[in-house]
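Colleague: return a 3D structure for these sequence lines:
(one chain, ligands or ions: 2)
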Amino acid sequence: MKHLSIFGATGSIGQSTLDLVRRNKELYSVEVLTGGRNLDRLVDNALEFRPKIVVTAYEDTYQELKERLSGTGIEVGSGVNGINDSASLPVDWAMSAIVGAAGLEPGLRAMQSGADLALANKESMVAAGPLMRQTSFENDVALLPVDSEHSAVFQALIGEDRKAIERVILTASGGAFRDWSLAEITAATPEQAATHPNWDMGQRITIDSASMFNKALEVIEAKELFNLSASQIEVVVHPQSMLHALVGFQDGGLMAHIGPADMRHAIGFALNYPNRSYLPVERLDLVKIGRFDFSAPDLVKYPALRLAYDVLELGGFSGAVYNSAKEIALDAFIAQRIGFLDMAKVVEAVLERVFIKSMSKENIFCLENVLNMDHTGRIYAKEEIEKKF
Ligand code: NAD
Ligand code: MG
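Modeller: Ligands and ions are numbered 1, 2, ... in the order given. From the prediction side, this is the model:
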C-alpha cells in the first residue's frame, strides 16, 4: 500500500492524480488532500478518499470545511501553516500540484519527511532549484518531474550516461495565440488567453502557455532538474503537442518521447516509478496523425522566453524573482490592469532593478533567502505596474 499526499488536489493536476488513484484504490492510501476556493470538490474528494488531513489554503473557508467534515474523523486545517504542517506527515509519495510559489514549502517539507516528490509545481524548481535538489539528495528521496516535457526528458534519460547529453529540446504548442499577429496579441484579453488548443489545464498555466511564460519557466526548470547550461536547452514550436521533448547525445542521436496530450501519462509514470504500469491514456495512431510540425519560436511575440535565457545566465535568485514578478504581472493581466505583452515588460524591469542592486550574493540554499527574493520580486512588480500602467 503506497501512502500519498496530494497538494493542490482540487486543481487540474490534482484531479488527474485522483483519477488514477481511484482506478486502483486497493494500491493506495490517501493521507493528505489540500485545496483552495473549490470547497465542494475538496469535500467530495475527502469523503471519497478518507484522508487523515484535509487543508484549505484560505482561513476564511476553514469553519465551513470543518462543519462539512464533522463526524468523519478527518483532521481539518487551513492557511499556509496548515498546508505546511500537513506536509510533515510521513508518506511514501507526494504530488506537488499547487500553482505558483506557494507550492515550494510543502514540497520541501514532504521531501524532508521522506516522500518521493512528484513535481508538477515547476515554480518551486524555478525559484529554488538548488535547494530542491539538495533536499532530495539529503533525504534520499526521488524528485520526479511531472511537467510533460520534463517527464519526457527524464524518461529519455533512463539508462543513459548523463555526461553524454549534448542538448535538450523542449517542445511548445505555441498556446492560444500561435497564429496571431503581434498587433492581435498586444490587444489579447484574459479570456482569449485562457483557452488552449491542445491541453486542458488550470487558468493560470493556460495563460502562461499563451505568453510562453510557461515554456520560459520550463526552460529554467530543465536547467535545474538536469543540470544543463543555457546553450544546451532549445525550444521548438510543435503544434500537435505529442512529441514532448527530445534529448540529443554526443553521438548525434536524439531520443524523443511521444505520447498523447494527457497529463495522466506523466503523473502515472511518476506514481508507478520505477515501474511502468497500465495507464488509461489514448494510444496514438501515427498514421491518422500523419505529420509532426516544428518551427522556431518568435522571440518578439514571446519576450518571456528571451528573458528566461537571461535568467539562466544571471543564476542566483533570478529564477525566484522572475517567477514572483511573473505571478504579479499575471494577476494584473487577469484583472485587466495591464496588457498581454506588458507582463514581460514588468518582469524585465524587475529583473533589471534587482540585479542592479546585486542582491544575488546570498546563499541560494537557504529557504528564507529564496522567500525574501520572491517577496522582493512581488513588491517591485507592483511598483512597476503602478509606475508604468
Ligand atoms: P489549477 O489552478 O487547476 O490548480 C491549482 C491547485 O492549487 C488548486 O487545488 C488550488 O486550490 C491550489 N492553490 C491555488 N493557489 C494556492 C495557494 N496560494 N496556496 C495553496 N493552494 C493553492 O492548476 P494546475 O493546472 O493543476 O497546475 C498545478 C501546477 O502544475 C502548476 O504549478 C502548473 O504549472 C503545473 N502543471 C500543470 C499542468 C496541467 O496540465 N494542468 C501541466 C504541467 C505542469
Ligand atoms: Mg509542460
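Colleague: only C-alpha atoms for contact and neighbour calcs from this point on.
Modeller: Fine.
Colleague: alpha carbons only: can I get the helix or strand containing Gly377 in CSV?
Modeller: Gly377 belongs to helix 367-388 when assigned by DSSP states H and E. What follows is helix 367-388, C-alpha atoms only, in CSV (Å, rounded to 0.1, in the frame of the first residue of the first chain):
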residue,chain,number,x,y,z
LEU,A,367,14.8,28.9,2.1
GLU,A,368,14.5,32.3,3.9
ASN,A,369,16.7,34.0,1.2
VAL,A,370,14.6,32.5,-1.6
LEU,A,371,11.4,33.7,0.1
ASN,A,372,12.9,37.1,0.6
MET,A,373,13.8,37.4,-3.1
ASP,A,374,10.4,36.1,-4.1
HIS,A,375,8.9,38.8,-1.9
THR,A,376,11.2,41.5,-3.4
GLY,A,377,10.1,40.4,-6.9
ARG,A,378,6.4,40.9,-5.9
ILE,A,379,7.0,44.3,-4.4
TYR,A,380,9.0,45.6,-7.4
ALA,A,381,6.5,44.2,-9.8
LYS,A,382,3.6,46.0,-8.1
GLU,A,383,5.7,49.2,-8.1
GLU,A,384,6.5,48.8,-11.8
ILE,A,385,2.8,48.3,-12.6
GLU,A,386,1.9,51.4,-10.6
LYS,A,387,4.6,53.5,-12.3
LYS,A,388,4.0,52.4,-15.9
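Colleague: quick one: check that helix for contact with ligand 1.
Modeller: No. Counting by CA under 6 Å from any ligand atom, ligand 1 has no neighbours in helix 367-388; the shortest distance is 13.7 Å.
Colleague: just checking, what packs against that helix?
Modeller: With contacts defined as 3 or more CA pairs under 8 Å, 6 or more residues apart in numbering; DSSP states H and E, the packing partners of helix 367-388 are helix 122-138, helix 318-334, helix 342-356.
Colleague: make a markdown table out of those helices and add mean neighbour count and mean pLDDT.
Modeller: Output for those, formatted as a markdown table (neighbours: other CA atoms under 10 Å; pLDDT from 0 to 100):
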| stretch | mean neighbour count | mean pLDDT |
| --- | --- | --- |
| helix 122-138 | 23 | 98 |
| helix 318-334 | 25 | 97 |
| helix 342-356 | 20 | 92 |
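Colleague: pLDDT of the helix holding Gly377, averaged?
Modeller: For helix 367-388, mean pLDDT is 96.
Colleague: and the residue nearest to Val247 when sequence neighbours are not counted, what helix or strand is that in?
Modeller: Closest residue to Val247 apart from its sequence neighbours, by CA to CA, 6 or more residues apart in numbering: Val168 at 4.6 Å. Per DSSP H and E, Val168 falls inside strand 165-172.
Colleague: could you report the neighbour count for the residue of the chain found nearest ligand 2?
Modeller: Residue nearest to ligand 2 within the chain (CA to the ion): Asp147, separated by 4.5 Å. Using other CA atoms under 10 Å, Asp147 has 21 neighbouring residues.
Colleague: what's the answer for Pro190, then?
Modeller: Residues within reach of Pro190, counting by other CA under 10 Å, total 18.
Colleague: so what's it up against?
Modeller: Residues counted as contacts of Pro190 (CA atoms under 8 Å, 6 or more residues apart in numbering) are Ile207, Phe333, Ile334, Gln336, Phe340.
Colleague: out of the residues you listed, which is nearest to ligand 1?
Modeller: If you rank these by distance to ligand 1 using CA to the nearest ligand atom, Ile207 comes first, at 10.6 Å.
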